[in-house]
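Peer 1: next comes the sequence, and after it the predicted model I'd like to discuss.
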Amino acid sequence: MRVLCLGSMNLDYVYSVSHILAPGETISSTGRETFAGGKGLNQSVAAAKAGLPVFHAGLSGTGGELLLETLRENGVDVSFIRPVDALPGHTVIQVDEKGQNCILLYGGTNRQLTSDLIGDVLSQFGPEDFLLLQNEVNRLDEIIDRAHARGIRIVLNPSPFDQAVMACDLDKVSLFLVNEIEGAQISGCLAREPEKILDWFGAHYPNAEVVLTLGADGAWYSGNGVRHFQPAIPVTAVDTTAAGDTFTGYFLEGWSTGRGVEETLRRATRAASIAVSRKGAAPSIPLASELAD
Ligand code: RIB
């Protein structure tokens, strides 16, 4: 079993601010740091740190050496990443004094995936493998269709949510990982009614399993006739960036290796709580050995 992540890689330009800017407002930041990020890269790193064999695929752009180095350093195979002469994806992230963030995303090479690249990469994987996807790359619908045709099991974190997600044939997804906002957007239910969101997924995608994360309010799993809630671990937030990605990578490890739902949710929650207590995206993701279980 291998994990293929056909996902984004971003240079995260992180600005420390007293508060998140309001429209029309100008303030000075108290610091700027550059981190490797992108939901795809973060989830690849998290899954690899959790112990899975991970292959990351995509297009690396000019000046994106940090992204490749970060993947390599964390044990992710980068042989399916092609160089291209264009700007890589990047973000402008504000992090306030409470550790809350807001993210402005520039897609860059993440949104230049071609049919050829997708076909070449997927041809190397099959029914014994998992494909980990987010919504920061173009051609998401095509990737899902072609992976499913090859029997590859699809794990989708439809983040950031937009209409490209609804253009996909979501019947082909084996595992959804959504937060309450994405869950509400997909289902039409209210974000504050998590069990209704889970019911909706069960009714509309009966062959899929779903994880619904609620930030500081915990996380739900529902699937195969089982429903389980895991409370969050209280922690002083330094930077919430990549907490969800950390959860996803660790959940995938437990789910794909048969750890059982309760342990899997507990480990993913623990890993995310550690990520929240550290700065940056990929650098904040803990090693499995850091999870006292
Ligand atoms: O989920 C966190 C990530 O979202 C950041 O690393 C940023 O690059 C954005 O893609």
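Peer 2: Received, thanks. Numbering: from 1, shown residues only.

Peer 1: so Leu198 touches Ala219, yeah?
Peer 2: No - the pair Leu198 / Ala219 is not scored as a contact, 11.2 Å apart, by Cβ atoms under 8 Å. Bear in mind the C-beta positions are built from the backbone N, C-alpha and C, glycine included.

Peer 1: so for these two, which residues contact both of them?
Peer 2: Common contact partners of Leu198 and Ala219 (Cβ atoms under 8 Å, 6 or more residues apart in numbering): Leu212.

Peer 1: so which residues of the protein form strands?
Peer 2: Along the chain, the segments classed as strands by DSSP state E run 3-6, 10-16, 31-37, 54-60, 77-83, 89-95, 101-106, 130-133, 153-156, 175-179, 209-213, 219-223, 226-230.

Peer 1: buried residues in the third one?
Peer 2: Judged by neighbour count using 16 or more other Cβ atoms under 10 Å, the buried positions of strand 31-37 are 35-37.

Peer 1: so what pLDDT did the residue of the chain found nearest the ligand get?
Peer 2: In the chain, no residue comes nearer to the ligand than Gly37, which is 2.5 Å away by Cβ to the nearest ligand atom. Listed pLDDT for Gly37 reads 95.

Peer 1: wait, doesn't it sit right on Ala282?
Peer 2: Yes - at 6.1 Å, Gly37 and Ala282 qualify as touching, with contact defined as Cβ under 8 Å.

Peer 1: which residues do these two both contact?
Peer 2: Ala242.

Peer 1: residues from the chain in reach of the ligand?
Peer 2: 8, 10, 12, 37-39, 42, 91, 103, 105, 136, 241-242, 244-245, 281 (Cβ under 6 Å from any ligand atom).

Peer 1: list the contacts of the closest residue to Ala57 other than its chain neighbours.
Peer 2: Computed as Cβ to Cβ, 6 or more residues apart in numbering, the closest residue to Ala57 that is not its neighbour in sequence is Phe80, at 3.7 Å. Phe80 sits next to 4, 55-58, 121, 124 when contact means Cβ under 8 Å, 6+ apart.

Peer 1: helices along the stretch 151-293 of the chain, start to end?
Peer 2: Using DSSP state H, counting those that start in this stretch, the helices of the stretch 151-293 of the chain run over residues 163-166, 180-187, 194-204, 243-256, 261-276.

Peer 1: buried deepest among those helices, which one?
Peer 2: For the helices of the stretch 151-293 of the chain, the largest average neighbour count (mean count of other Cβ atoms under 10 Å) is found in helix 243-256, namely a mean of 27.

Peer 1: against which helices or strands is that helix packed?
Peer 2: With contacts taken as 3 or more Cβ pairs under 8 Å, 6 or more residues apart in numbering; DSSP states H and E, helix 243-256 sits against helix 39-50, strand 130-133, strand 175-179, strand 209-213, helix 261-276.

Peer 1: can you list the strands that the second one pairs with?
Peer 2: What it means is strand 130-133. strand 3-6 (parallel), strand 153-156 (parallel) (DSSP bridges).

Peer 1: follow-up on the earlier one: I'd like the strands of the chain as CSV, with distance to Thr70 appended.
Peer 2: Below are the strands of the chain laid out as CSV (distance: least, Cβ to Cβ, whole Å):
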stretch, distance to Thr70
strand 3-6, 13
strand 10-16, 10
strand 31-37, 4
strand 54-60, 10
strand 77-83, 10
strand 89-95, 14
strand 101-106, 18
strand 130-133, 17
strand 153-156, 21
strand 175-179, 22
strand 209-213, 24
strand 219-223, 26
strand 226-230, 28
